[in-house]
Structure formats: structure tokens, C-alpha cells
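Peer 1: let me see the structure of the following:
(one chain, ligands or ions: 1)
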Amino acid sequence: MTLTELLENFYDELIRFILDDVYKYIPKSLITRSLLIGAVTGTLGYLFFKKRYRLPPGPFALPLIGSPQFLSSSKENLGRVFHKISKKYGPVFTVYLVQKPSYNGQDIAFGRYGTAWKLRRKIASRGIRLFMVSGAINIKIEQAVSETVRAMMMETEPFDPMPFLYFTTVNILAGMCFGTSYKYKDKEFLHIMGSLQAVAESMSGGILIEDILPPMRLFPSKKLLDFYKSFDEVFQYADKHMKDHRRNFQPDNISDLTDNVLLAQKEVETEGKDNMAEFNDLHVTLTLFDVFLAGNDTSRQTLYWAVLLIAAHPDIQTKIQQEVDSVCGRERYPCMSDREKLSYTDAVLHEVMRYGTVTPLGVPRNTSCDTTIAGYDVPEGTTVFINQWAIMNDPDNWQDVDKFKPERFLDEDGKMAPKPENWLPFGAGRRVCLGEPLAKPELHLIIASLCQRVHISLEPGVPVNIKAKDDQIVNLPNPYKITIKERN
Ligand code: HEM
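Peer 2: Residues are numbered from 1 along each chain as shown. Next comes the predicted model:
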């Protein structure tokens, strides 16, 4: 008997033994049978030898499809959805979803932790720090708020403050990043506002079908394509400014974050041409893109909550105004050196960020090695979310959790009390928000400056609604309108 005949007989018996009923349907070809038996043995071997993890429990999930319940709840604020799941499965649980894409993880926000990422984060942090200590932040806030108030005063009817808040944050962040200063109807401002709006809409449009059915990424939906397009527009905006700066770059005349980042790139190059792979032109643009995009959306959404909550609580607004008047008077704008004395306004900001948690799930993170959380295994490459919304809206952590109460952040002398450990809007640890040192003073001073200049009221005759719009992935209030009156 030849070797081929021997193999044929062996396969024949094996298949007949294991799969008697389907035997007749299996082709007689030796190659097909070898492939079939190889595949079956390989799969069985993989299943037998693969590492077993004790994963956190979680809702039922189908292979490829993931947790089907997200199909029905895909429009609800995910912070709330996850909070409900945690009631059933405990504080650490597993759901099957995939995260949204980034620029190949070469940026800061979605970059993999490591030497190259540390370098990029250090460069961006240094640039932000220099902006803060140079005093430029005072000038940018004053310019941005005075232009915003001027533009708002032109409105004769109740208006939605959202575009004006875009104007404030874009002017401060684009000023810091690219040295620009826009007027309200400026063409470039309107263009970038449109792109930022599109990014925000794509991101708040609930879970994408591709998140539930990963293979669908091969045939991207219009929603996913829109998501890519709007991101790319903001990227192109940052890239254009980077290239303009590079053309006119003078190392002894550094005026904004782009100059700072380009200078850092030169330093990296001086240390050795090989290092350039870790900080090339794409990394320069992605650094600026991250700071501009991450900073704008979060700050603007926080201000949207702040204006609503301040307008809905006239007593709180009056207290802010009295504090600002007593510390700064009316002649000059509040500045960095006033911050410590503006405790009540700071408490209002802290409570706005708790009540209106704008990043309910923080930024999705990937584990870089096998690890454990609360005794459960979490394999390398798992996407981990921290439910910041639940931490800051848990009745076990906060008294009168549904009430807007700035006083909870003050001590008996009316000064800011130590930060409660459950106040975590900027995340924590090595990946804590890069912009926190800018965002807190920026938002504090914007609120103080706005209240110093104008009196804000909600649209007359419309019922006050300070509840979150619970139909989206982010946590925003329902659209609202205000009127403003210049303070005399
Ligand atoms: C209200 C304002 C803001 C909020 C609530 C906020 C919130 C957050 C959160 C929750 C994270 C993820 C932290 C973690 O994973 O633990 C984050 C990351 C980040 N934020 Fe912010 N942020 C704000 C403002 C800003 C500003 C003004 C900038 C830029 C100047 C900025 C830039 C970034 C960047 C680059 C990251 C990624 C950091 C990393 O992966 O290492 N953010 N932010």
C-alpha cells in the first residue's frame, strides 16, 4: 500500500468515526481532507491550549456581534447604560464593543504608552505650561470674552449661546495653538466651527453599527465616513497652520504652541536624526490637532452647561457677580492672580463639571499587558472605560446628587475645600487630561468674566430644564435659549 493510500484510509476512518452523519458530504480528495483535518486539529489545539482568563462578568454577547443590547440602547448616554449594567454585574464588568478609530495611535490621546508617546506628551505639556506662565492666557481670555460679549449683544431675540461659546473657546485655543485671533463672522472661524460641530455630531450620534459589528468596517456606513471626514477637516486646519509656521519659523521668536512644538522638533533632531521617527511632521500636526480638538469640545460643552445652570439659578449668578465685583471691580477683567480669591466662582465651575459630566466615560484606554482589576483578569489589548459619570453622579458618593449645589466644594470659611476624591472630570493617572492645567483656570476666568460683564437669563416663558439630554453618547443639556443684558 502506498503512503497516499495509507493516508486516505486513515482519514476515511477518522472522519467516519467523528462525523458519521456528514461523512457522505465530505469530498474524497486527499488535499481537501488534509486541509479539513488540519483546520479541525488546529482549532481544537488552540481551544485546548489557549490562555484561560477569568474575565469580569457582563451581559450576554454573541460572537462577532457583541452585546446585542447596545443595538436597542445605542442612543442613550453610555454613562447611564453602564451604570445600569454595573447594578446587575458589579463595579467591574465586561461588554463587547470596539473603540472608535484614531490616526493609527500616533497622537497623544490614543497613542500607545511608551517612550515615543512620553516624548510627545512632554512636548505638548511644556508648550501649554509656557503659554500659562507667559501671562498670554490673561490676554487671550480677555480678548475672547470681550469679542463674545460684543457679538452676543447684537442679538435682539433670545438666542442659543452655543455658537458664541464655540467662538470663545476656539479663539482661546486657536490663539494659544496657532496665534490666531478671530472676529465673530471671520471666514476661517466659521469654517472651523462647522468642522468642530460635525465632529461633535458624529461623536454624539450614538454607537455606530461598526462598533457592534466590527466586520462592517469593510463597508463603512455614512455615519462612519462622516466621522472620518469631519476629523480630517480639523486635522487639515491644524496641518495648514503647522506648515505656515514652518515656513516662517524663527527659533528666537517663539510666540505660540506651534512654534514651541516646532522648536522641540528641532531639539529632537539635534539629539540625533534617528530620533525624528518619533517626532516627525505628522506627530507635530497630531500634537496640535489633539490639543485643539480635545480642548475645544470639552471646554465648550462645559461652558454650555455652565451658562444654563447659572441662568437657571439667579441667586448663584448674583453671588458670582458680587464676588467678582469685590475682587476685581468692573474696570478690569479677572485674571490668573485673582483666581484664589474667586472661590465661589471656582466652586460653581467644580459643580458644573460634576453635574454636567461632559466626558461620561473619559477616553477609552487599551491595556498594554495582561493585568487584573478587582480580582478579575483583563487581557492585553482590552479597551477599558472608567465611568466618570457614575463616579460623579452616584448618590452614595454625593449628598443631594441631583441638586446643583456649588457650596459642596467650599469649607466653612467660604474657601475651596480639598478636592473630593470622587470629583474626577479630568480622569486620573498617567493619562490624566493633558489640558487640565489650562482648562480649569480658563473656564474659571471665562465664567467670572462673563458674569462680570452681563446678566444672563433663560428665554422668558419657556419651562426651565436643567436635565441632561439623555439620548446620546455624550452628556449635554437640551438646547436652550438665553437673553443677556449688559451690567451697568
Ligand atoms: C472641561 C474641560 C476638559 C475635560 C472635562 C477633559 C477631560 C479629559 C479626560 C476625561 C481625559 C482622559 C483622561 C484619562 O484617560 O484618564 C482627557 C484627556 C486629554 N485631554 Fe482633556 N479635558 C478637558 C480639557 C482639555 C483641554 C483644554 C485640552 C488641551 C489644551 C485637553 C487635552 C487633552 C488631551 C491631549 C488628552 C489625552 C491625554 C493622554 O492620552 O495622555 N483637554 N481629557
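Peer 1: where do the helices sit along the stretch 301-450 of the chain?
Peer 2: With DSSP state H, counting those that start in this stretch as the criterion, the stretch 301-450 of the chain has helices at 314-328, 343-355, 388-392, 436-453.
Peer 1: for residue 132, which of those helices is the nearest?
Peer 2: helix 436-453 (6.4 Å; CB to CB). Where C-beta positions appear, they are placed from N, C-alpha and C, glycine not excepted.
Peer 1: give me the helices and strands touching the closest one, please.
Peer 2: Packing contacts for helix 436-453, counted by 3 or more CB pairs under 8 Å, 6 or more residues apart in numbering; DSSP states H and E, involve helix 115-133, helix 136-153, helix 162-178, helix 281-312, helix 314-328, helix 343-355.
Peer 1: related to what we said a few turns ago, can you redo the helices of the stretch 301-450 of the chain as a markdown table with distance to residue 154, mean neighbour count and mean pLDDT?
Peer 2: As requested, the helices of the stretch 301-450 of the chain are exported to a markdown table (distance: least, CB to CB, whole Å; neighbours: other CB atoms under 10 Å; pLDDT from 0 to 100):
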| stretch | distance to residue 154 | mean neighbour count | mean pLDDT |
| --- | --- | --- | --- |
| helix 314-328 | 22 | 17 | 98 |
| helix 343-355 | 26 | 24 | 98 |
| helix 388-392 | 36 | 23 | 94 |
| helix 436-453 | 14 | 22 | 97 |
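Peer 1: these: which one's closest to residue 168?
Peer 2: For residue 168, the closest of those is helix 436-453, at 6.2 Å, according to CB to CB.
Peer 1: which residues touch the following helix or strand past that closest one?
Peer 2: Reading on from helix 436-453 to the C-terminus, the next helix or strand found by DSSP states H and E is strand 454-458. Strand 454-458 is touched from outside by 149, 152-153, 307-308, 310-312, 314, 317, 321, 450, 464, 480-487, with contacts defined as CB atoms under 8 Å, 6 or more residues apart in numbering.
Peer 1: type out the ChimeraX command that picks the buried ones from these.
Peer 2: Buried subset of these, written as a ChimeraX selection, criterion 16 or more other CB atoms under 10 Å:
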select :149,152,307,308,310,311,312,317,321,450,480,481,482,483,484
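Peer 1: is stretch 188-199 in proximity to the ligand?
Peer 2: No - Stretch 188-199 stays out of contact with the ligand when judged by CB under 6 Å from any ligand atom, the minimum separation being 13.4 Å.
Peer 1: and that stretch, what's buried?
Peer 2: 189, 192, 193, 195, 196, 197, 198, 199.
Peer 1: how about stretch 355-370?
Peer 2: 355, 356, 357, 358, 359, 360, 361, 362, 364, 365.
Peer 1: in space, what's closest to the second one - neighbours in sequence excluded?
Peer 2: If you skip the residues right next to it in sequence, residue 356 has residue 305 as its closest partner in space, 3.2 Å away by CB to CB, 6 or more residues apart in numbering.
Peer 1: check the third one too.
Peer 2: In this structure, residue 357 finds its nearest non-sequential neighbour in residue 389, 4.7 Å apart by CB to CB, 6+ apart.
Peer 1: quick check: the nearest residue to residue 334 once chain neighbours are set aside vs residue 145, distance?
Peer 2: Ranked by CB to CB, 6+ apart and with sequence neighbours excluded, the top spatial neighbour of residue 334 is residue 448, at 4.2 Å. Distance of residue 448 to residue 145, computed by CB to CB, to the nearest Å: 9 Å.
Peer 1: now do the shared contacts for those two.
Peer 2: With CB under 8 Å, 6+ apart as the test, residue 448 and residue 145 reach no residue in common.
Peer 1: how about the residues of the chain near the ligand?
Peer 2: 108-109, 121, 128, 290-291, 294-295, 298-299, 302, 358-359, 362-363, 365, 425-429, 431-435, 438-439.
Peer 1: any chance of a PyMOL selection covering the buried ones in those?
Peer 2: Selecting only the buried entries of those in PyMOL, with 16+ other CB under 10 Å as the criterion:
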select buried, resi 108+109+121+128+290+291+294+295+298+299+302+358+359+362+365+425+426+427+431+433+434+435+438+439
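Peer 1: shaky segments in the stretch 101-250 of the chain?
Peer 2: Along the stretch 101-250 of the chain, the parts satisfying pLDDT under 70 run over 101-104, 204-215.
Peer 1: so which residue of it comes closest to the ligand?
Peer 2: residue 109 (3.8 Å; CB to the nearest ligand atom).
Peer 1: check which helix or strand covers that residue.
Peer 2: Using DSSP H and E, residue 109 falls within no helix or strand.
Peer 1: pretty sure it is touching residue 290, no?
Peer 2: Yes - if you go by CB atoms under 8 Å, residue 109 and residue 290 touch, sitting 5.1 Å apart.
Peer 1: which residues touch the residue nearest to residue 356?
Peer 2: 352, 355, 356, 358, 476, 477.
Peer 1: next, give phi and psi for residue 61.
Peer 2: Main-chain dihedrals, residue 61, degrees, to the nearest 10: phi -140, psi 140.
Peer 1: what is the mean pLDDT for stretch 414-426?
Peer 2: Mean pLDDT, stretch 414-426: 96.
Peer 1: and it, how far out from the chain's middle?
Peer 2: 21 Å (CA atoms, centre = their mean, to the nearest Å).
Peer 1: check stretch 467-485 too.
Peer 2: 18 Å.
Peer 1: please verify my assumption that residue 148 contacts residue 163.
Peer 2: No - the criterion here is CB under 8 Å, and residue 148 misses it with residue 163 at 10.0 Å.
Peer 1: now residue 302: closest residue in space, sequence neighbours ignored.
Peer 2: residue 358 (5.5 Å).
Peer 1: surely the one you found meets residue 439?
Peer 2: No - with contact defined as CB under 8 Å, residue 358 and residue 439 do not form a contacting pair (10.7 Å).
Peer 1: any common contacting residues for the two?
Peer 2: Common neighbours of residue 358 and residue 439, using CB under 8 Å, 6+ apart, are 298, 302.
Peer 1: mind listing the strands for the stretch 351-488 of the chain?
Peer 2: 365-366, 371-373, 376-378, 383-384, 454-458, 482-486 (DSSP state E, counting those that start in this stretch).
Peer 1: so which of the contacts of residue 305 comes closest to residue 268?
Peer 2: Distances from residue 268 to the contacts of residue 305, taken by CB to CB, are shortest for residue 358, at 33.7 Å.
Peer 1: and the closest one, how close does it get to residue 407?
Peer 2: Residue 358 is 22 Å from residue 407, by CB to CB.
Peer 1: got the contact list for stretch 254-269?
Peer 2: So stretch 254-269 is in contact with 119, 123-124, 126-128, 130-131, 175-179, 241-242, 245-246, 249, 251, 253, 275-276, 278-279, 284, 287-288, 291, going by CB under 8 Å, 6+ apart.
Peer 1: may I have that stretch as CSV, with CA atoms only?
Peer 2: Coordinates of each C-alpha in stretch 254-269 appear next as CSV, following Å, rounded to 0.1, in the frame of the first residue of the first chain:
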residue,chain,number,x,y,z
ILE,A,254,8.6,81.7,19.7
SER,A,255,5.1,83.1,20.0
ASP,A,256,2.6,80.1,20.3
LEU,A,257,2.3,76.4,20.8
THR,A,258,3.0,75.6,17.1
ASP,A,259,6.3,77.5,17.4
ASN,A,260,7.1,75.7,20.6
VAL,A,261,6.4,72.2,19.2
LEU,A,262,8.5,73.0,16.1
LEU,A,263,11.3,74.2,18.3
ALA,A,264,11.0,70.9,20.3
GLN,A,265,11.2,69.0,17.0
LYS,A,266,14.5,70.8,16.2
GLU,A,267,15.8,69.8,19.6
VAL,A,268,14.9,66.2,18.9
GLU,A,269,16.6,66.4,15.6
